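# I need the structure of the sequence given here:
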Amino acid sequence: MEISAAEKISTLPSLKLTVEVHGLLANKALGQNFLLDSNITNKIINLSLERQKKSSYEDDYVYEVGSGPGGLTRAVLSHNPQKLTVVEMDERCISIMEELQSKFPKQLEIIQGDALKEDFSIKDSAPRHIVSNLPYNISVPLLMGWLEQMGAYESLTLMFQKEVAERIVAPINTKDYGRLSILAQLQCKIEKLLDLNPNCFTPAPKIWSSVLLFRPKEKLLTKEQIKKINHISTLAFGQRRKMVRQSLKQIPQISEKLTALGIPETYRAEQITPEQYLQLADMI
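The predicted structure follows:
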């Protein structure tokens with residue numbers, strides 16, 4: 001009788017032992033901080049599935065960026081995805097993934113390369129999910145790219161530096177509210193799954209981390225709307241201390257447009273809601 005995916009995972013050496021055997025010290029240049037506690041990596045995936053009202057990834061395609069020693073990789077595989085594609089730059093981590101692949105030859109695909117150059121939205125078929133303890137140094141550009149293609153994904157389960165997560169979910173009239181908040185909140189329903197103490201990681205970073213779950217909203221932005229919103233928000237937050245009549249003055253008839261939307265010209269960038277940025281984008 002074939003053993004289950006979870007049983008296969010249970011026969012593997014611990015993540016701590018795996019790291020020791022491979023001499024895997026985290027590479028600061030690659031933004032690496034490893035999660036070696038399988039209780040935590042399992043909790044992240046279990047919480048994500050629970051919030052999505054799913055019991056497994058069966059029939060789903062999952063993509064992971066920056067697998068490291070494979071904590072989240074193992075947690076995903078134990079929930080039996082149709083396929084898990086891992087993108088990793090570090091050769092040392094690739095060798096760990098290849099060992100794991102020998103246990104899951106039909107399910108685990110390994111790509112050695114730069115995740116910023118990978119387009120998951122055209123790989124495989126839906127439903128697609130992205131799961132990642134994101135490399136800190138490329139977390140925002142990766143997220144911005146995925147948000148623009150959000151219709152291709154059923155969920156994103158992503159770990160960020162806590163300060164980046166706070167920017168993503170920030171409400172208006174706060175210092176953290178900005179371009180990232182606007183696009184993320186227009187495209188997605190966002191839930192915080194948990195915060196993680198620095199001591200959960202090896203090596204321990206100086207800051208806390210947060211795991212967020214993103215799910216696409218029913219009505220998504222068009223490419224043209226995204227382009228216009230990014231343009232307007234770049235102008236507004238590029239001079240966030242100025243009133244919008246000044247920061248957005250290069251937009252034709254901006255005063256009339258603001259008045260039509262009930263937005264005072266004396267407002268500053270952080271006082272305008274994501275929905276109002278969308279309304280403004282639709283007027284230009």
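# Give the pairing partners of the helix-or-strand element of the chain with minimal mean pLDDT; include direction for each.
Counting by mean pLDDT, DSSP states H and E, the chain has its least confident helix or strand at strand 201-202, which shows a mean of 82. Strands that pair with strand 201-202, judged by DSSP bridges, come out as strand 34-35 (antiparallel).
# Moving along the chain from the strand it pairs with, name the first helix or strand you hit.
Going down the chain from strand 34-35, the next helix or strand is helix 38-51, by DSSP states H and E.
# Buried ones in that following helix, by neighbour count?
Applying a neighbour-count criterion of 16 or more other Cβ atoms under 10 Å, the buried positions in helix 38-51 are 38, 40-45, 47-49. Every residue, glycine included, has its C-beta placed from N, CA and C.
# Quick check: of those, which lies closest to residue 10?
residue 38 (9.7 Å; Cβ to Cβ).
# okay but that closest one is in contact with residue 14, surely?
Yes. Using Cβ atoms under 8 Å, residue 38 is in contact with residue 14, at 7.4 Å.
# So for the residue lying closest to residue 13 once chain neighbours are set aside, what's the pLDDT?
Sequence neighbours aside, residue 21 is the residue nearest to residue 13 in space, at 7.4 Å (criterion: Cβ to Cβ, 6 or more residues apart in numbering). pLDDT recorded at residue 21 is 86.
# Going along the chain, name the helices of this protein.
In the chain, the helices defined using DSSP state H lie at 5-10, 15-21, 38-51, 71-77, 91-103, 139-148, 162-169, 179-187, 223-238, 244-247, 254-260, 274-281.
# can you tell which of those is closest to residue 207?
Taking the helices of the chain one by one with Cβ to Cβ, helix 162-169 is closest: 6.0 Å.
# So what touches that closest one?
Applying Cβ atoms under 8 Å, 6 or more residues apart in numbering, the external contacts of helix 162-169 come out as 139-140, 143, 160, 176-178, 180-181, 184-185, 190, 192, 195, 207-210, 212.
# Report the buried members of the residues you listed.
Buried by 16+ other Cβ under 10 Å: 139-140, 143, 160, 176-178, 180-181, 184-185, 190, 209-210, 212, out of the contacts of helix 162-169.
# Nearest to residue 232, out of these: which one, please.
If you rank the buried ones among the contacts of helix 162-169 by distance to residue 232 using Cβ to Cβ, residue 178 comes first, at 12.5 Å.
# Just list the residues touching the closest one, thanks.
Neighbours of residue 178 in contact, by Cβ under 8 Å, 6+ apart: 167, 170, 233, 237, 240, 269-270.
# which one of these has the most neighbours?
Ranked by neighbour count (other Cβ atoms under 10 Å), the contacts of residue 178 have residue 269 at the top, with 25 neighbours.
# Next, find the distance separating residue 122 from residue 155.
Residue 122 is 18 Å from residue 155, where distance means Cβ to Cβ, to the nearest Å.
# Compare those two and say which is more crowded by neighbours.
Shown here are residue 122 and residue 155; by other Cβ under 10 Å, residue 155 has more neighbours (23 against 8).
# in the sheet, who's paired with that one?
residue 129.
# OK, contacts around it?
48, 52, 129-130, 213-215.
# and residue 72, how many neighbours?
By other Cβ under 10 Å, 28 other residues sit near residue 72.
# That one and residue 41 touch, don't they?
Yes. Between residue 72 and residue 41 there is a contact under Cβ under 8 Å: 5.1 Å.
# where do the contact lists of those two overlap?
Common neighbours of residue 72 and residue 41 (Cβ under 8 Å, 6+ apart) are residue 35.
# Number of residues surrounding residue 199?
Per other Cβ under 10 Å, the neighbour tally for residue 199 reads 9.
# Also residue 200?
Neighbours of residue 200 under the rule other Cβ under 10 Å: 19.
# and if you look at residue 203?
Using other Cβ under 10 Å as the criterion, residue 203 is surrounded by 11 other residues.
# And for residue 198?
Per other Cβ under 10 Å, the neighbour tally for residue 198 reads 14.
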